[in-house]
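Please work out how this folds:
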Amino acid sequence: MTPALFLDRDGTLIEDPGYLNDPDLVRLLPGVAEALVRARDAGFLLVVVTNQSGIARGRVSPRQLGAIHERIGHLLADHGAWIDAWAHCPHLPEADCDCRKPRTGLHRALTAALEIDLEGSWCIGDRLGDVLPAQTLQCQAVLVTTGEGGVHREAAERLGFAVARDLPAAIEAIRSRPD
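As a prediction, the model looks like this:
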């Protein structure tokens, strides 16, 4: 079994323009690709778990979502990085589904499919909903202050979550932790 980083997409890996539906508008946040290479070198699988209610709202099509993820993949590949698996919730927040973060349906499906070691895994994102699954999954989490992270920082700290300025800083903190 291999530990994983359960990564949020918008505001963590890429800029978040809101309901992104055009692959040409994808912008990696600074240092993300290089940080993902360092995470992989440290032995982590890289999986993205993202809420995409824009699909249910009719603002993003499944085809557009696939093209956006493909574009992110190409941008990462230019730096020798890649994502092992993508999972998204297409539902509205009020849908009461098991796949929308902070619920853990997508995390558990990925864990089973990829034989992820949850004890050594981390949830990383810019919203409380991205890091709260760590409590249920019994893994660790880091809130990044890119994207919406500044708004959620105090609440994350009150809950005992680590906070980092961005994904590269989060991965560096994870890598430098004593085993």
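
Go ahead and confirm P102 touches G129.
Yes. Using Cβ atoms under 8 Å as the test, P102 is close enough to G129 to be in contact (4.4 Å). Bear in mind the C-beta positions are built from the backbone N, C-alpha and C, glycine included.

Contacts for the lengthiest strand in the chain, please.
Of all the segments of type strand in the chain, defined by DSSP state E, the longest one is strand 45-51. Contacts to strand 45-51, defined as Cβ atoms under 8 Å, 6 or more residues apart in numbering, come from residues 2-10, 13, 36, 39-40, 69, 81-89, 93, 100-101, 106-107, 110, 114, 116, 129-130, 133.

now the strands: where do they sit in the protein?
Using DSSP E, strands in the chain cover 4-7, 45-51, 85-89, 122-125, 140-144, 162-164.

which residues does L132 contact?
L132 makes contacts with K101, P102, C123, A141, L159, as judged by Cβ under 8 Å, 6+ apart.

What does the pLDDT read for it?
Looking at L132, its pLDDT reads 98.

what's the answer for D179, then?
D179 is assigned 62 on the pLDDT scale.

helices or strands next to the top helix by length along the chain in the packing?
The single longest helix within the chain, with elements called by DSSP state H, is helix 62-77. If you count contacts as 3 or more Cβ pairs under 8 Å, 6 or more residues apart in numbering; DSSP states H and E, helix 62-77 packs onto helix 32-41.

Which strands or helices does the helix it packs on pack on?
Short answer (3+ Cβ pairs under 8 Å, 6+ apart): helix 32-41 packs on strand 45-51, helix 62-77, helix 167-175.

Provide the angle between the direction of that helix and the direction of helix 167-175.
20 degrees (axes from the mean of the first three to the mean of the last three Cα atoms, to 10 degrees).

E70 against P23, yeah?
Yes. Assessed by Cβ under 8 Å, E70 is found in contact with P23 at 7.1 Å.

quick one, which of those two is more surrounded?
P23 (17 against 13; other Cβ atoms under 10 Å).

Report the spatially closest residue to that one, excluding sequence-adjacent ones.
In space, and not counting its chain neighbours, P23 is closest to R71: 3.8 Å by Cβ to Cβ, 6 or more residues apart in numbering.

What about that neighbour, how many residues nearby?
Using other Cβ under 10 Å, the number of residues around R71 comes to 18.

Likewise for the one 3 residues further on?
A count of nearby residues for H74, using other Cβ under 10 Å, gives 11.

Mind pulling up the pLDDT for it?
At H74, pLDDT is 98.

ok, now I14?
At I14, pLDDT is 98.

Look up how far L28 lies from it.
6 Å (Cβ to Cβ, to the nearest Å).

How about G54?
20 Å.

shaky segments in the chain?
Counting by pLDDT under 70, the chain has low-confidence residues at 179.
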